[in-house]
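Novice: Need coordinates for the following:
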Amino acid sequence: QVQLVESGGGLVQPGGSLRLSCAASGRIFSRNAMSYWRQTPGKQRELVAVITSDGKTNYLGSAKGRFTIARDNAKNTMHLLMNSLTPEDTGVYYCTLFFSDSEEYWGQGTPVTVSS
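Specialist: Numbers count the residues shown, from 1 in each chain. Sure, this is the predicted structure:
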């Protein structure tokens, strides 16, 4: 059984920063891609950032240059550092651990609110 526990969300002012964390347990995750998605009210869930098992990264266009995804395989954790936040970044952020098209695990989500 895989469990993903997220933390780090909260309220931040525009221009501020947050660091989200995702702790994985239950199965070895070092060989698998992980990602962050976000759900914004009124919009479809969107992929924000992904990191492969060997550390390759890719980002949503609006996140490039502002967000950094990283993983620590020794600690089974993943982080998303978000800088220069705007109100458009508000939403619930989910981490995922991908094994196959039919097996992907999701965290419970952590809310991020960017507001003055």
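
Novice: Work out which residue lies at the spatial centre of this protein.
Specialist: residue 36 (2.8 Å; C-alpha atoms, centre = their mean).

Novice: Show me which positions of the host helix or strand of residue 79 end up buried.
Specialist: Element membership for residue 79, per DSSP states H and E: strand 77-82. Buried residues in strand 77-82, counted by 16 or more other C-beta atoms under 10 Å: 77-80, 82. Using the backbone N, CA and C atoms, a C-beta is placed for each residue, glycine as well.

Novice: Only alpha carbons, please: show that strand as CSV.
Specialist: Taking Å, rounded to 0.1, in the frame of the first residue of the first chain, the C-alpha atoms of strand 77-82 are listed here in CSV:
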residue,chain,number,x,y,z
THR,A,77,10.4,12.7,-0.3
MET,A,78,9.7,15.2,-3.1
HIS,A,79,9.5,19.0,-2.9
LEU,A,80,8.1,21.8,-4.9
LEU,A,81,9.5,25.2,-4.3
MET,A,82,7.2,27.9,-5.6
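
Novice: Could you spell out the sheet neighbours of it, each with its direction?
Specialist: Applying DSSP bridges to the sheet, strand 77-82 is found paired with strand 18-25 (antiparallel), strand 67-72 (antiparallel).

Novice: related to what we said a few turns ago, distance from the chain centre to whichever strand or helix holds the residue nearest to the centre of the chain, please.
Specialist: Residue 36 belongs to strand 34-39 when elements are defined using DSSP H and E. Offset of strand 34-39 from its chain centre (C-alpha atoms, centre = their mean, to the nearest Å): 5 Å.

Novice: what does that strand rub up against?
Specialist: 20, 22, 24, 45-51, 69, 71, 78, 80, 89, 91-98, 109, 112 (C-beta atoms under 8 Å, 6 or more residues apart in numbering).
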